[in-house]
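In: Below: sequence and its predicted model.
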Protein chains: 2
Amino acid sequence: MKILFDANGGDNAPFEIVKGAIDARNELGVEIALIGNENAIKSSLDELNETAEIVNATENIENNEEPAFALRKKKNSSTVIGLSLLKEKKYDAFISAGSTGALLAGGLFIVGRIENVKRAVLPTSIPNLKGSTLVIDSGANMDCSEDLLLQFAKMGDQYLKINGIENPRIGLLNVGVEEHKGNSLTKAVYPMLKESGLNFVGNVEARDISLGVCDLVVCDGFVGNVMLKNTEGTAYFVSKALEKLVAKSNLSQETLKEVGSLMANAKKSLDYSEVGGAILLGIKEIVIKAHGSSDSKAIKNAAKQAMSAYETKIIDKIEEIFSR
Amino acid sequence: MKILFDANGGDNAPFEIVKGAIDARNELGVEIALIGNENAIKSSLDELNETAEIVNATENIENNEEPAFALRKKKNSSTVIGLSLLKEKKYDAFISAGSTGALLAGGLFIVGRIENVKRAVLPTSIPNLKGSTLVIDSGANMDCSEDLLLQFAKMGDQYLKINGIENPRIGLLNVGVEEHKGNSLTKAVYPMLKESGLNFVGNVEARDISLGVCDLVVCDGFVGNVMLKNTEGTAYFVSKALEKLVAKSNLSQETLKEVGSLMANAKKSLDYSEVGGAILLGIKEIVIKAHGSSDSKAIKNAAKQAMSAYETKIIDKIEEIFSR
């Protein structure tokens, strides 16, 4: 398998991307190619005493650019060139730590959707007390129909299966556990999930996700995004509130420091951006979104994700499900 | 002013309700009446060596009952009789720690909406690092139109003004701060809020609420409810994660205990159910929802809320705004 790495995108590009790709080649045995500013990639390779195939791409799409517009404007971006080469099957997977929006839009418009799949999604994994829960959708699709939510559930189910969860428990994010609860969207999709053949465990309240009541929670991208950002805000609030209380307590300076660092770790354990890359679900080729802050280790882990997607043929499996 | 207290509703009914009402009479100088099981109220009054006006109501609507159905079925409930007496202007306010759903539905169907107000809402106050933020709607109205959200903003604005906030900053809950962000609902209501004459501060992300970026955050009841419940779940997760880390650390048993109790307090500072009662906005009389777990002090505080609503004529003010 041959993976194309986007050396333009991400906070630590190009060096950490290049290093991660080299590590993936050395440790995982994949073929690699790097796309981005040729000179910058060469310098990084020189620093590492390595060589690799380079594809020149002079432009980069930034996080603050409107995705669809940027894709049209920046034809020489690593995103546009990289995804085009992927579509032409020159490579087996594309990994990028660049703009999520551009990758999602490019996945749809350049690579193309799997037949009968209506939208592409990025599964987001959040930690719970027993492991982790996948959230789909976490922000790609704002207004969703019940058909879309059912598709999210089906794609997420496959994703979890290739990640080793045998019979993923699928929950519907709702304001109560009773079947009749919710808004018109959840009421419409509930019976569809029930009859889908998936392991549907019913409605799930946001407060129970951290208890690990399901492996996948399905929601529209607006609600999912609000929930994830609220998680960040709440963790921040609790840590600040504790900080104030600890400062007023009789604990020694040394203990204060230790508690502070433990709290920082507790907060970090909740940071979904730390969890690793994710595959873009619903498109015809393997595209992995690595986090913006990825270092070489995260990039190597993203390569592992790409390999697992390749070996387990997740694209074929999703194609099969949606061809029925 | 004369307040009717629901002695049937709430986890600590009737005694704490009766005691709270008596305290309100003694300390705040209001007239009181108690509605509920006559004998139970009498016993509580005897225990306190007090007397008060009693209205007998043999039934109680439980939290797990479907509100509209329960209101039709339980004609002798304190909710149905109490709200009917309020509508007849026999009392100036009704305070209940019973079923929220029944109170909301009863407020609408028995007391009646203010003209041109489409739905009733219960504002929920959540703490932030600088004070608190009001969330409307936090779960009463699942599917909302842009007109509804604008009404929530207007009613919340008045509510905050009578609670001493001069020029409330009103935010729209969204997935990004840019004007073009969001779903079809937020996109439709954004320009309406902008031109409303309210102090609209734009889109607000869930993670920034705890920073105190606005005094009121407007959203549909589904999203608001998910957000509040996620706050609970996240606070629980962070405290458990810290607990595990602290247990594995080298801190002494004594310190462990102290940190544990500080963490419990930090978590509690986030508990929106601790914040006190709230007035039902949009209906023609003063109805205060006290929390299910209210003790006498919380009931007395709810009476203070009722007095403030009465003195500041919030109903008249909302009527005036919506008559324009």
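Out: Sure thing, it's come through. It should be emphasised that the depicted structure is a prediction, and the values quoted were computed from it without experimental measurement. Numbering: from 1, shown residues only, chains lettered A, B, ... in the order given.
In: mind showing which ranges of the stretch 201-324 of chain A have poor pLDDT?
Out: In the prediction, the stretch 201-324 of chain A carries residues with pLDDT under 70 at positions A:270-276.
In: What segments of it are helices?
Out: Counting by DSSP state H, counting those that start in this stretch, one finds helices in the stretch 201-324 of chain A at the ranges A:206-209, A:221-248, A:253-268, A:296-311, A:314-323.
In: looking at those helices, which is closest to residue B:16?
Out: Distance to residue B:16, taken as C-beta to C-beta, is lowest for helix A:206-209 among the helices of the stretch 201-324 of chain A, at 25.8 Å. C-betas here are computed from N, CA, C, even on glycine.
In: List the buried residues for that closest one?
Out: Of the residues in helix A:206-209, those with enough neighbours to count as buried (16 or more other C-beta atoms under 10 Å in any protein chain shown) are A:206-209.
In: For the helix or strand hosting residue A:32, name the packing helices and strands.
Out: In this structure, residue A:32 is located in strand A:31-36 according to DSSP states H and E. Contacting strand A:31-36 under the criterion 3 or more C-beta pairs under 8 Å, 6 or more residues apart in numbering or on different chains; DSSP states H and E are the following elements: strand A:2-6, helix A:15-28, strand A:53-56, helix A:78-87.
In: and the last one, what's its mean pLDDT?
Out: Taken as a whole, helix A:78-87 carries a mean pLDDT of 98.
In: same check, this time on the first one
Out: Strand A:2-6 shows an average pLDDT of 98 in the prediction.
In: Counting by contacts, list what it packs against.
Out: Under the contact criterion of 3+ C-beta pairs under 8 Å, 6+ apart, the helices and strands touching strand A:2-6 comprise helix A:15-28, strand A:31-36, helix A:78-87, strand A:93-96, helix A:296-311.
In: between the ones you listed, which one is nearest to residue A:156?
Out: helix A:296-311 (14.0 Å).
In: Stretch A:284-299: which residues count as buried?
Out: Neighbour counts over stretch A:284-299 (16+ other C-beta under 10 Å) mark A:284-292, A:294-296, A:298-299 as buried.
In: Could you export the residues you listed as a markdown table, including distance to chain B?
Out: Written out in a markdown table, the entries for the buried residues of stretch A:284-299 read as follows (distance: C-beta to the nearest C-beta, whole Å):
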| residue | distance to chain B |
| --- | --- |
| A:284 | 27 |
| A:285 | 27 |
| A:286 | 27 |
| A:287 | 22 |
| A:288 | 23 |
| A:289 | 17 |
| A:290 | 21 |
| A:291 | 17 |
| A:292 | 15 |
| A:294 | 21 |
| A:295 | 23 |
| A:296 | 27 |
| A:298 | 21 |
| A:299 | 26 |
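In: Reformat those as a markdown table; add distance to residue B:278.
Out: Formatted as a markdown table, these follow (distance: C-beta to C-beta, whole Å):
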| residue | distance to residue B:278 |
| --- | --- |
| A:284 | 51 |
| A:285 | 52 |
| A:286 | 51 |
| A:287 | 47 |
| A:288 | 46 |
| A:289 | 42 |
| A:290 | 45 |
| A:291 | 40 |
| A:292 | 40 |
| A:294 | 45 |
| A:295 | 47 |
| A:296 | 52 |
| A:298 | 45 |
| A:299 | 50 |
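In: and these, which two are the farthest apart?
Out: Set against one another by C-beta to C-beta, the buried residues of stretch A:284-299 have their most distant pair in A:284 and A:295, with a gap of 29.6 Å.
In: Is the closest residue to chain B within the stretch 1-150 of chain A in a helix, a strand, or coil?
Out: Of all residues in the stretch 1-150 of chain A, residue A:142 sits closest to chain B, with a separation of 4.0 Å (C-beta to the nearest C-beta). Three-state assignment for residue A:142 (DSSP: H, G, I helix; E, B strand; the rest coil): coil.
In: what number of residues lie near it?
Out: Residue A:142 sits with 20 neighbouring residues when counted by other C-beta atoms under 10 Å in any protein chain shown.
In: wait, doesn't it sit right on residue A:222?
Out: Yes. With contacts counted by C-beta atoms under 8 Å, residue A:142 reaches residue A:222, the gap being 5.0 Å.
In: Of the helices and strands packed on strand A:2-6, which stretch is the most buried?
Out: Among the helices and strands packed on strand A:2-6, ranked by average contacts under mean count of other C-beta atoms under 10 Å in any protein chain shown, first place goes to strand A:93-96 (a mean of 29).
In: Kindly spell out which helices and strands sit in contact with the helix or strand just after that strand.
Out: On the C-terminal side of strand A:93-96, the nearest following helix or strand under DSSP H and E is helix A:100-106. Under the contact criterion of 3+ C-beta pairs under 8 Å, 6+ apart, helix A:100-106 touches helix A:67-73, helix A:78-87, strand A:286-289.
In: how about 6 Å then?
Out: helix A:67-73, helix A:78-87 (3 or more C-beta pairs under 6 Å, 6 or more residues apart in numbering or on different chains; DSSP states H and E).
In: which stretch among the ones you listed comes nearest residue B:278?
Out: Checking the helices and strands packed on helix A:100-106 against residue B:278 by C-beta to C-beta gives helix A:67-73 as the closest, at 40.9 Å.
In: Could I get the average pLDDT for that closest one?
Out: Along helix A:67-73, the predicted confidence averages to a pLDDT of 94.
In: thinking again about what came up before, nearest to residue B:49, of the helices of the stretch 201-324 of chain A?
Out: That would be, of these and by C-beta to C-beta, helix A:221-248, which comes in at 39.9 Å.
In: what domains does the record give for chain A?
Out: As given by the TED database, the domain ranges for chain A are A:1-117+A:275-323, A:118-248.
In: Throw those domains into CSV and include distance to residue B:315, thanks.
Out: Compiled in CSV, the domains of chain A are given as follows (distance: least, C-beta to C-beta, whole Å):
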stretch, distance to residue B:315
domain A:1-117+A:275-323, 46
domain A:118-248, 28
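In: Now distance to chain B too, for the helices and strands packed on helix A:100-106, in a markdown table please.
Out: Rendered in a markdown table, the data for the helices and strands packed on helix A:100-106 read as follows (distance: least, C-beta to the nearest C-beta, whole Å):
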| stretch | distance to chain B |
| --- | --- |
| helix A:67-73 | 11 |
| helix A:78-87 | 20 |
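In: so which of those gets nearest residue B:5?
Out: Taking C-beta to C-beta as the criterion, residue B:5 comes closest to helix A:67-73 out of the helices and strands packed on helix A:100-106, the separation being 56.3 Å.
In: Can you name the residues of chain A that neighbour chain B?
Out: On the criterion C-beta under 6 Å from any C-beta of the partner chain, chain B has as its neighbours in chain A the residues A:129, A:142-143, A:175, A:183-184, A:205-207, A:209-210, A:222-223, A:225-227, A:229-235, A:237-238, A:240-242, A:245-246, A:255, A:259, A:262-263, A:265-266, A:269.
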